[in-house]
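Visitor: give me coordinates for this.
(one chain, ligands or ions: 1)
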Amino acid sequence: MKKCFLTLTKAKEIISEFPTPFHVYDEKGISDNARELYDAFSWNAGFKEYFAVKATPNPAIIRLLAKFGCGLDCSSLAELKMAEKLGFRGNEIMFSSNETSAEEYVLARKLDAIINLDDLTHIDFLDTHAGIPEKICLRFNPGGEFGTDKDIMGNPEEAKYGLTRAQLTQAVKKLKLLGVKEFGLHSFLASNTVGNDYYPLLARVMFTTVLELMQETGVKFTFVNLSGGIGIPYRPEQEKVDIYKVSFGVKQAYDSIFTANGYTDIKLFTELGRYMLAPYGGLVTTVIHFKHTYREYIGVDACAAHLMRPAIYGAYHHITVLGKETLPDEKVYDVVGSLCENSDKFAINRHLPIVDYGDILFIHDSGAHGHAMGYNYNGKLRSAEILLQSNGTFRLIRRAETLDDYFSTLDIYDEFKKS
Ligand SMILES: *Cc1c(COP(=O)(O)O)cnc(C)c1O
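Guide: Numbering: from 1, shown residues only. So this is what the prediction gives:
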């Protein structure tokens, strides 16, 4: 079952200061989960999680995760700039980009970030524009389908990312000549995986590849970056990944492939986004309309511009009617936002308790790829973000956009100059 970290009382307290809609994050949930991840992988001395900034690019969230040892996985100029402003440098930043601009590589080098190259041709590009660092990571795409016969998890063959196996060998040889002393391997082959098998399976492929590359070329690999992709239970009948089982599966692969061949100090990195944040955020919205036509509609003051996943992926996000947690789900509704887009539906044919005007809905699991994917279509303004702190108080961690923000890029016209 889905539990909600926000009570009606606390929601009302927040709303009296900051009107709905807003995203709210649970500091305690984020902290416990981050601590558990580090504990699960504590058998690997150099383990480090590089939080995928794109999932929730907020300074308060990033600073909170940093307390547990997390670095940042950046993929764009803005994300690198955010890392720079927040004081991250060097081994605290993984730069996992693709179709990268020269400007981005220049900033990544200035920050001494670990650069994760997405293609063979990027070697010359990086050399020309920013120079080759002594430590570098390569992104591997083994092609084909990824998973087991029973469980196909992803389709790398169709993914735009990464180097082929043959290109990895070429890249390592070339980079060695260009002065690289330390290598890492990265791969991201499936997204939002359920169950405990994804990392262990991925680890086997990657560890084997690293061992081959070291034997073929004589270079030193010092880390393996398992990247993101661990999913969360969006649906009530799904279970949370058991991170200890995941870690144990990875350790078995490590022992049989690395330790057995005398490599005991290769570090493991992750770049989790969804797993770190999604369950610990919710979109809070107020019921403002009902409509009875061919369906029963609940109209809310949030829309797909605040949480895009249902509209673009048909993704399931659980909904709790705050204060009605224990009432039976006796009615069937579509819960919809105000965009002039028929896909703007948070839920379709959803069983909920009887809902009234002014009820406050908590749309679960918006903590990653939620606010971050927000946009301004239909002139909708991105919402505020609030942190519910471990001590029970709350704090604004991003203000809501205003109409002035919306019109700011039209200040080339007199009518839109800021008043
Ligand atoms: C998006 C992304 C992640 C995080 O993915 P999750 O599914 O949120 O864990 C990690 N690494 C890279 C390179 C990404 O693009």
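Visitor: name every strand pairing with the helix or strand containing N349 and say which way it goes.
Guide: Secondary-structure element containing N349, defined by DSSP states H and E: strand 345-352. Using DSSP bridges, the strands paired with strand 345-352 are strand 331-336 (antiparallel).
Visitor: what residues sit buried inside the strand it pairs with?
Guide: Y333, D334, V335, V336 (16 or more other C-beta atoms under 10 Å). C-beta coordinates here come from the backbone N, C-alpha and C atoms, glycine included.
Visitor: could you dump those to CSV with pLDDT?
Guide: Supplementary listing: these in CSV, determined by pLDDT from 0 to 100:
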residue, pLDDT
Y333, 98
D334, 98
V335, 98
V336, 98
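Visitor: would you turn these into TSV with distance to L202?
Guide: Formatted as TSV, the entries for these read as follows, by distance: C-beta to C-beta, whole Å:
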residue	distance to L202
Y333	40
D334	38
V335	36
V336	38
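Visitor: which members of the residues you listed are the farthest-apart pair?
Guide: Taking every pair in the buried residues of strand 331-336 and measuring C-beta to C-beta, the maximum separation is 9.1 Å, between Y333 and V336.
Visitor: now H289, which residues is it bridged with?
Guide: Applying DSSP bridges to H289 gives these bridge partners: G299.
Visitor: give me the low-pLDDT residue ranges for the chain?
Guide: Per-residue confidence of the chain (counting by pLDDT under 70) places the weak regions at 419.
Visitor: show me which residues of the protein are close to the ligand?
Guide: Within the chain, the positions lying close to the ligand (C-beta under 6 Å from any ligand atom) are 52, 54-55, 73, 75, 96, 188, 191-192, 227-229, 271-275, 368.
Visitor: for the residue of the stretch 251-400 of the chain found nearest the ligand, what are its contacts?
Guide: Among the residues of the stretch 251-400 of the chain, G273 lies nearest to the ligand; the distance is 2.7 Å by C-beta to the nearest ligand atom. For G273, the contacting residues are F51, A52, K54, A55, T56, D73, G228, A368, H369, by C-beta atoms under 8 Å, 6 or more residues apart in numbering.
Visitor: look up which helix or strand D405 falls in, please.
Guide: Assigned by DSSP H and E, D405 falls within helix 403-407.
Visitor: hmm, who's touching that helix?
Guide: By C-beta under 8 Å, 6+ apart, the list of residues contacting helix 403-407 from outside reads N376, G379, L381, F416, K418.
Visitor: need those residues in TSV (columns: neighbour count).
Guide: Supplementary listing: those in TSV, determined by neighbours: other C-beta atoms under 10 Å:
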residue	neighbour count
N376	12
G379	9
L381	16
F416	14
K418	7
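Visitor: among those, which lie within strands?
Guide: Judged by DSSP state E, strands contain none of the contacts of helix 403-407.
Visitor: show me where the stretch 1-150 of the chain has helices.
Guide: Under the criterion DSSP state H, counting those that start in this stretch, the stretch 1-150 of the chain carries helices at the ranges 8-17, 27-40, 59-66, 77-85, 102-110, 122-129.
Visitor: got it, and the stretch 301-419 of the chain?
Guide: With DSSP H, counting those that start in this stretch applied, the stretch 301-419 of the chain shows helices at 309-313, 403-407, listed in chain order.
Visitor: include mean neighbour count when you put those helices into JSON lines, please.
Guide: Rendered in JSON lines, the data for those read as follows (neighbours: other C-beta under 10 Å):
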{"stretch": "helix 309-313", "mean neighbour count": "16"}
{"stretch": "helix 403-407", "mean neighbour count": "13"}
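Visitor: out of the ones you listed, which gets nearest to N261?
Guide: The nearest among those, by C-beta to C-beta, is helix 309-313 at 41.3 Å.
Visitor: follow-up on the earlier one: now distance to L388 too, for the helices of the stretch 301-419 of the chain, in CSV please.
Guide: Below are those laid out as CSV (distance: least, C-beta to C-beta, whole Å):
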stretch, distance to L388
helix 309-313, 22
helix 403-407, 25
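Visitor: what domains does the record give for this structure?
Guide: Here the domain assignment for the chain is 27-277, 279-410, based on automatic domain parsing.
Visitor: minimum distance to L8: which of the ones you listed has it?
Guide: Across the domains of the chain, the minimum distance to L8, taken as C-beta to C-beta, is reached by domain 279-410, at 3.8 Å.
Visitor: perfect, that will be all.
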